[in-house]
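*Asks:* Quick one, fold the following:
(chains A, B and C)
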Amino acid sequence: MKKYALKIPRADQVRSDHFSLDYDAELNEAQLQVVKTFYGPILVVAGAGSGKTRTLTYRVARMVESGIAPEAILLLTFTRKASQEMLRRAAALLDTRCEHVAGGTFHSFSNMILRRYGRAIGLDSTFTILDQGDAEDVIGILLDQIGFKKQGRSFPKKGTIHAMFTKAVNKEFSIDTVIAKYYSTYFQEIEELTKLHALFCQYKFEHQLLDYDDLLVYLQRLLEQHQDVRQHLSDLYQFIMVDEYQDTNKIQARIVRLLAATHDNVMAVGDEAQSIYAFRGANYRNILEFPEQFPGTTIIKLEENFRSVQPILNVTNDVIKQARESFQKRLYTRQIGGTRPILVPTLNERQQSQFVAQRILELWQEEGIPLAKMAVLFRSSFHAFDLELELNRRNIPFVKVGGVKFIEAAHIKDILAHLRVLVNPLDEISWRRMLLLLDGVGPKTAAMIIQQLLVEQNPFAWLSEYPKKTKYRLDVQRLGSTLLTILPLPPAEQVRMLREYYAPILKNHYDDFAKREPDLEQLNIITEQFTSLEKFLTEMTLEPPNRSVDNMAQVEDQDEDLLVLSTIHSAKGLEWQSVFVIWLAEGRFPSMYSLDDDEALEEELRLLYVATTRAMQHLYLTYPVYDNKWGNYFGRPSRFLEGISRKNLEQWSLFEEDIEEDGEEEFA
DNA sequence: GCACAACACTTTTTT
DNA sequence: AGTGTTGTGC
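*Replies:* Numbering: from 1, shown residues only, chains lettered A, B, ... in the order given. Reported below is the predicted structural model:
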């Protein structure tokens, strides 16, 4: 019998003279190469503002248009918002098929896979995800249980301990190494901490609790130990794209390697110069090592900048030039014109806030730039406190991104704890939180009640008929009956009734209850979009709204024109017409925690690079000369400013001019 | 033995 | 603003 081979063309070889999009006209040469290359490992080194998102969007469209099933594409990004936005744009370019592309963060992807296939490594499909605060609480409970409290010697607090543990996981160091390297003050406690870490892991596993790190670790384990699952996923996701590759850690890189085992169709996109998450284990060397991990890698560089005017790029180039590891790259643009970035020393923080607020007002009202096209960026969330006051004073509406998040506020966590036990009645952390809110209930009583209710068939019903004659009996019963009543209701209704239940507790517990009340209203609005409580809770831990608490309530309609205040970390991937970077002072930026560590300093520098490359037209760099935060002393301008050629900056000096109502400064 | 109010202290960046 | 510590009162 004659064998006759059928030659199936690969998707990138399918002749299609009638693509609905004119790719050649829309993209430059390098971008086009990215878009047209579907097969094999590809590393895209994408400089800031080089149209990376646009390129990825077109690539998704082209793949789908070439007949690749959207479900066979996996797009891993840093935030889920980023992937949704890309897929939305791809859908707008082509059609709604693009929305069926699988996308999300490593953590959300892992969550999905582990719920489905986690059985193989001992995970129940109903496991609970711990956010940072929850994981810290677990450590707190263990500390209580075993009484490590050392007299005389200082033992680290739960937050510090958790930071150590998570660093160990993400950098793949032993506890010893982490302590020696980053927490040498606690060198004495290595033994206890190692023991505690083992208990922590054991506790999580026994209670089916997964923290952020576990999501990655368990996914890696699943893929390594279960060939069949790996094969299945590899067959399913034929094309993998990973964005922000410079901010992945070793575990994530290994996950990518394992997922692509059978086909090698991986595109990693990133920029070493923008790596800003080393503190949580990210390793920009992942980019440099990608070609070794995937032999035969095609490297494509996107170097043309479409975002910023040349005078801004001159400054960003000066910034990154200071890096000791040579990321030597120079961004260039074909755009002409633009003005030099402006350097503004101010007397103190007050004056810095006044300057920023006044200048923003001018750009808004006189030059007609919408507030939403301007941003103020800072190293740490608290750097903006004074500015927030000033903006409020002048009625300039803004959103703040980063810092104490909505989801982390105590009163929000209180309500969420009540919801969580509805889904998982074995969630001790949440029980504890709820019980401690009741008058007369402390850690011991809470532990005692929890121990009893865990063995009950119906813990809610048991609580509602709580037998013990104690002063907190009525409160416990009220809690039980509330939970019992709301159990079958839809999420929004549950939250509404919980708010009623919680109102007296809120008043009792927090002096500023009036401020907190609107947040609960906001929580209620969010839950209205969900029909499943489980989904809602998972979403809130994996992809919480990243706006800070204070703003959450006031901002309801999306279209409102709002100034953006953001930490630089949260500004990744975004751009604005005008950008203000404040507090460019030693100890602030670079942060005081990085001053004695070369690697950390280097990361601060990259952070400044990320900040300055966000600006399209105008860039303002400010620093107060006088810093009254930590005792009164004269601060020094950031060392990073020294590396920027003065001819690339315009310097303004402020003077105050009295006007009728109150003193405001003007420019010289 | 336990809960709680008053106090002092420290506070980066995030999935 | 939250955490841990310490002293007081039930």
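*Asks:* Verify the stated contact: A:Val404 with A:Ser381.
*Replies:* Yes - if you go by CB atoms under 8 Å, A:Val404 and A:Ser381 touch, sitting 7.1 Å apart. The way it works is simple: take the backbone N, C-alpha and C, and place the C-beta from them, glycine included.
*Asks:* So what's the residue count around the residue of the stretch 301-450 of chain A found nearest DNA strand C?
*Replies:* Scanning the stretch 301-450 of chain A for the residue nearest DNA strand C gives A:Ala410, at 3.7 Å (criterion: CB to the nearest atom of the strand). Neighbour count for A:Ala410, taken as other CB atoms under 10 Å: 13.
*Asks:* How about the contacts made by the residue lying closest to it once chain neighbours are set aside?
*Replies:* For A:Ala410, ignoring the flanking residues on the chain, the nearest one in space by CB to CB, 6 or more residues apart in numbering is A:Tyr510 at 7.5 Å. With contact set as CB atoms under 8 Å, 6 or more residues apart in numbering, A:Tyr510 has these partners: A:Ala410, A:His411, A:Arg516.
*Asks:* Can you name the element that comes right after the top strand by length along chain A?
*Replies:* Of all segments of type strand in chain A, defined using DSSP state E, the longest is strand A:615-624. Next helix or strand after strand A:615-624 toward the C-terminus (DSSP states H and E): strand A:626-627.
*Asks:* That following strand: how far from the chain's middle?
*Replies:* Relative to its parent chain, strand A:626-627 has a centroid offset of 31 Å by CA atoms, centre = their mean, to the nearest Å.
*Asks:* Are there helices or strands packed against that strand, and which ones?
*Replies:* Counting contacts by 3 or more CB pairs under 8 Å, 6 or more residues apart in numbering; DSSP states H and E, strand A:626-627 packs against strand A:633-634.
*Asks:* Mind listing what's buried along the longest strand of chain A?
*Replies:* A:Ala615, A:Met616, A:Gln617, A:His618, A:Leu619, A:Tyr620, A:Leu621, A:Thr622, A:Tyr623, A:Pro624 (16 or more other CB atoms under 10 Å).
*Asks:* Secondary structure element for A:Gly103, which one?
*Replies:* Going by DSSP H and E, A:Gly103 is part of strand A:102-104.
*Asks:* touching DNA strand B at all, that strand?
*Replies:* No - using CB under 7 Å from any atom of the strand, strand A:102-104 never reaches DNA strand B; the gap is at least 8.4 Å.
*Asks:* Other residues contacting that strand?
*Replies:* Contacts of strand A:102-104 (CB under 8 Å, 6+ apart): A:71, A:73-77, A:80, A:83-84, A:86-87, A:109, A:112, A:237.
*Asks:* Can you tell me which of those end up in helices?
*Replies:* Of the positions in the contacts of strand A:102-104, A:Arg80, A:Ser83, A:Gln84, A:Met86, A:Leu87, A:Phe109, A:Met112 sit in helices, assigned by DSSP state H.
*Asks:* Could you pull up the residues touching the second one?
*Replies:* Just to be clear, that refers to A:Ser83. In this structure, A:Ser83 makes contact with A:Leu75, A:Leu76, A:Thr77, A:Gly103, A:Gly104, A:Thr105, A:Asp243, judged by CB under 8 Å, 6+ apart.
*Asks:* Just give the nearest non-adjacent residue to the last one, would you?
*Replies:* Counting by CB to CB, 6+ apart, A:Thr77 is the residue found nearest to A:Asp243 once chain neighbours are left out, at 4.5 Å.
*Asks:* Spit out the contact partners of the one you found.
*Replies:* Shown in contact with A:Thr77 (CB under 8 Å, 6+ apart): A:Ser83, A:Met86, A:Gly103, A:Gly104, A:Thr105, A:Asp243, A:Glu244.
*Asks:* 10 Å - rerun?
*Replies:* A:53, A:56, A:83-87, A:103-106, A:108-109, A:241-244, A:269, A:573 (CB atoms under 10 Å, 6 or more residues apart in numbering).
*Asks:* Any of these buried? List them.
*Replies:* Buried subset of these (neighbour count, 16+ other CB under 10 Å): A:53, A:56, A:83-87, A:103-106, A:108-109, A:241-244, A:269, A:573.
*Asks:* Can you tell me which residues in chain A are near DNA strand C?
*Replies:* Within chain A, the positions lying close to DNA strand C (CB under 7 Å from any atom of the strand) are A:Gly133, A:Glu136, A:Gly140, A:Lys149, A:Phe155, A:Lys157, A:Lys158, A:Gly159, A:Val404, A:Ala409, A:Ala410, A:Asp512.
*Asks:* Filter those residues down to the buried ones, ChimeraX style.
*Replies:* Entered in ChimeraX, the line below selects the buried ones among these, by 16+ other CB under 10 Å:
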select /A:133,136,140,155,158,409
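*Asks:* Could you export the residues of chain A next to DNA strand C as TSV, including pLDDT and secondary structure?
*Replies:* Listed next are the residues of chain A next to DNA strand C as TSV, based on pLDDT from 0 to 100; DSSP: H, G, I helix; E, B strand; the rest coil:
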residue	pLDDT	secondary structure
A:Gly133	89	helix
A:Glu136	92	helix
A:Gly140	87	helix
A:Lys149	59	coil
A:Phe155	81	coil
A:Lys157	87	coil
A:Lys158	89	helix
A:Gly159	90	helix
A:Val404	75	coil
A:Ala409	89	coil
A:Ala410	89	helix
A:Asp512	81	coil
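*Asks:* Now do the SS call for A:Lys301.
*Replies:* Here A:Lys301 is recorded as strand under DSSP: H, G, I helix; E, B strand; the rest coil.
*Asks:* Quick check: it touching A:Val45?
*Replies:* Yes - counting by CB atoms under 10 Å, A:Lys301 touches A:Val45, with 4.7 Å between them.
*Asks:* Common neighbours of the two, please.
*Replies:* Residues touching both A:Lys301 and A:Val45 (CB under 10 Å, 6+ apart): A:Ala30, A:Lys329.
*Asks:* Do a quick rundown of the helices in the stretch 201-350 of chain A.
*Replies:* For the stretch 201-350 of chain A, the helices defined by DSSP state H, counting those that start in this stretch occupy A:212-225, A:227-236, A:250-259, A:285-293, A:310-321, A:349-365.
*Asks:* The stretch 501-650 of chain A now?
*Replies:* Per DSSP H, counting those that start in this stretch, the stretch 501-650 of chain A carries helices over the ranges A:513-527, A:533-542, A:549-552, A:598-612, A:639-642.
*Asks:* could I get these as CSV with mean neighbour count, distance to A:Leu437 and mean pLDDT?
*Replies:* Shown next, in CSV, are the helices of the stretch 501-650 of chain A (neighbours: other CB atoms under 10 Å; distance: least, CB to CB, whole Å; pLDDT from 0 to 100):
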stretch, mean neighbour count, distance to A:Leu437, mean pLDDT
helix A:513-527, 17, 13, 88
helix A:533-542, 18, 19, 90
helix A:549-552, 20, 19, 60
helix A:598-612, 22, 39, 93
helix A:639-642, 17, 46, 94
